[in-house]
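1. quick one: sequence plus predicted model below, questions after.
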Amino acid sequence: MVLFIKNMVCLRCRMVVKSELEKLGLYCISVEPGQVEVLGPLSDKQLQNFKIALLSAGLDLIEDRKDILIERIKTIILNMIDNLDHPLKINFSLYLSEILNHDYTYLANVFSAVQGITIEHFIIANKIRRVKELICDQQLNLTEISWKLNYSSVAHLSTQFKKVTGTTPSHFKHIECAGTLLPAMCEL
């Protein structure tokens, strides 16, 4: 049985989900961002206890088909952005359509209707979130960051960064990432 879980994108969240299922006596076949596969069905009591455990960890079980689709779209985008070391060989809309086996127009319409923003704006916001993380990490320069996140140029990255944040990447680096950076400062 596959369960879909909202906000389960980091390793810590996956460990919490696996641990909670094991406490209920269930075996996890796989734990992936946004979803977990367990051996066999859950009883109503197990499902209720699992939902309570998820909520206490800041997670939520998703049961509506459209909500599941939205969460899968978000998970794919976040994985792509956070793990992108090489540019995609195909257009992202085709990539998303192939993985989810739906027409991109349908995916875009459902996403926009439920989230209130377009897939493109979600991607841009999260690419800028990742740019901030990489700037604060200080291991890559702006040229390397623009290449890593598949920007056509540093100028394109800088323009998009300023449009979203209101400041330039350089200013952000000197003001927000200097010395005693709090982790929240690198979030959108």
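-> Thanks, I have the structure now.

2. quick one: the strands in the protein?
-> 2-6, 28-32, 35-38, 60-62 (DSSP state E).

3. pLDDT wise, what is Gly25 at?
-> Looking at Gly25, its pLDDT stands at 88.

4. identify the residues contacting it.
-> Gln46 (Cβ atoms under 8 Å, 6 or more residues apart in numbering). From N, CA and C alone the C-beta is placed, and that goes for glycine too.

5. please name the nearest non-neighbouring residue to Ile70.
-> Val114 (5.2 Å; Cβ to Cβ, 6 or more residues apart in numbering).

6. just give the nearest non-adjacent residue to the residue nearest in space to the middle of the chain, would you?
-> With distances taken as Cα atoms, centre = their mean, the chain has Leu78 as the residue nearest its mean C-alpha position (2.9 Å). With sequence-adjacent residues excluded and distances taken as Cβ to Cβ, 6+ apart, Leu78 is closest to Val9, at 5.4 Å.

7. okay, the residue nearest to the centre of the chain: pLDDT?
-> Note on Leu78: pLDDT of 87.

8. before we move on, the earlier item: how many residues are close by the residue nearest to Ile70?
-> 14 (other Cβ atoms under 10 Å).

9. ok, now His102?
-> There are 16 residues near His102, going by other Cβ under 10 Å.

10. separation between it and Leu21?
-> Relative to Leu21, His102 is positioned 28 Å away (Cβ to Cβ, to the nearest Å).

11. what's the answer for Ile77, then?
-> Distance from Ile77 to Leu21, by Cβ to Cβ: 26 Å.

12. surely Val131 is in contact with Glu144?
-> No: contact criterion Cβ atoms under 8 Å: Val131 and Glu144 do not qualify, at 11.3 Å.
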